[in-house]
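Visitor: any chance you could fold what I've pasted below:
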Amino acid sequence: MKFMKKTAIASVIVACTAINLAVIQNANAATLRVANQGDALSLDPHSLNESLQLSVVGNVYEGLVYRDRNYKLEPALATDWKQTSPTVWRFNLRKNVKFHDGTPFTADDVIFSYERSKGDGSDMKSYVGQIKEIVKINDHAVDFVLTAPFPILPERLYSWMIASKNGVNRMVLPNPWTGAKALRTSHLSKPMVQAPTAHVSANPMFAPPSHATATIGANLKAMWKK
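Guide: Numbering: from 1, shown residues only. Down below sits the predicted model:
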């Protein structure tokens with residue numbers, strides 16, 4: 001009887017183990033489907049002011065400020081900021097930061113991103129509309145001069161990303177309709193970033209645009225030097 005009981009218990013244990021393994025295997029093999037209202041149509045941080053778009057470029061670019069898990073502002077490319085007069089905000093910039101192409105992050109990149117964001121063809125004008133000009137104090141400090149007092153300026157800059165002046169100037173194509181310059185990455189037609197190869201494809205249920213499929217490779221420098 002004891003042998004039969006032990007055999008029965010062992011059989012139950014084996015059966016339970018097999019069931020657990022099957023459940024785990026099935027869980028690992030499950031298909032995850034994600035639906036969005038639309039697609040990120042550009043990797044240009046100063047192109048479209050859309051929630052999904054901003055979420056995507058926010059994984060590539062960084063702004064002066066960010067938000068923590070409690071949605072409170074925290075330093076990002078700016079280490080600190082303060083209001084020096086009713087219409088001037090001083091932002092101190094993080095030192096020893098480099099872009100992917102190796103060029104250092106400086107005040108020139110902040111000013112360049114501002115000029116680009118307020119230009120024709122950019123949907124990000126509302127983020128910089130209260131700014132009259134950005135004055136370079138030194139390589140790691142800038143003054144935001146406003147058209148009128150705007151005490152929530154740092155809050156407004158949360159979704160405003162900084163792009164490399166050197167990088168953008170080497171990676172732009174004119175818009176065929178307006179002539180305005182946009183990052184070549186917005187076309188999704190060639191290798192774009194230094195990263196492991198990935199494949200991006202549109203949902204076949206929808207009519208794909210001409211750039212719906214792209215390969216993101218790692219030969220950025222070779223491509224843009226042509």
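
Visitor: you'd agree Arg94 is up against Asp80?
Guide: No - using CB atoms under 8 Å, Arg94 makes no contact with Asp80, being 9.8 Å away. Backbone N, C-alpha and C define where each C-beta goes, glycine included.

Visitor: out of the two, which sits in the more crowded spot?
Guide: In this view Arg94 and Asp80 are compared by other CB atoms under 10 Å, and Arg94 has more residues nearby, 15 against 10.

Visitor: mind listing what the more buried one touches?
Guide: Taking CB atoms under 8 Å, 6 or more residues apart in numbering as the criterion, Arg94 is in contact with 75-79, 105, 140.

Visitor: also Asn36?
Guide: Residues touching Asn36, when contacts are defined by CB under 8 Å, 6+ apart, comprise Leu52.

Visitor: which SSE is it in?
Guide: Under the assignment given by DSSP states H and E, Asn36 is not contained in any helix or strand.

Visitor: okay, it: pLDDT?
Guide: Note for Asn36: predicted pLDDT of 72.

Visitor: so how far is Ser42 from it?
Guide: If you measure Asn36 against Ser42 using CB to CB, to the nearest Å, the figure is 15 Å.

Visitor: now do stretch 113-122: everything it contacts.
Guide: 45-47, 124-125, 127-129, 131, 134, 160-163, 165, 168, 175, 178, 180, 182.

Visitor: so which of these belong to helices?
Guide: Mapping the contacts of stretch 113-122 onto helices (DSSP state H) picks out 125, 127-128, 165, 168.

Visitor: can I get those residues in a markdown table including pLDDT, neighbour count and distance to Tyr61?
Guide: Output for the ones in helices among the contacts of stretch 113-122, formatted as a markdown table (pLDDT from 0 to 100; neighbours: other CB atoms under 10 Å; distance: CB to CB, whole Å):
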| residue | pLDDT | neighbour count | distance to Tyr61 |
| --- | --- | --- | --- |
| Lys125 | 91 | 14 | 18 |
| Tyr127 | 94 | 22 | 13 |
| Val128 | 95 | 21 | 15 |
| Lys165 | 90 | 20 | 13 |
| Val168 | 83 | 21 | 11 |
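
Visitor: and of those, the nearest to Arg69?
Guide: Within the ones in helices among the contacts of stretch 113-122, distances to Arg69 taken as CB to CB reach their minimum at Tyr127, with 22.9 Å.

Visitor: was I right about the closest one contacting Ser159?
Guide: Yes - because the distance of 6.7 Å satisfies CB under 8 Å, Tyr127 is recorded as touching Ser159.

Visitor: common neighbours of the two, please.
Guide: The overlap between the contact sets of Tyr127 and Ser159 (CB under 8 Å, 6+ apart) consists of Asn49.

Visitor: now this structure, which segments are flagged as low pLDDT?
Guide: Low-confidence segments of the chain (pLDDT under 70): 1-28, 171-226.
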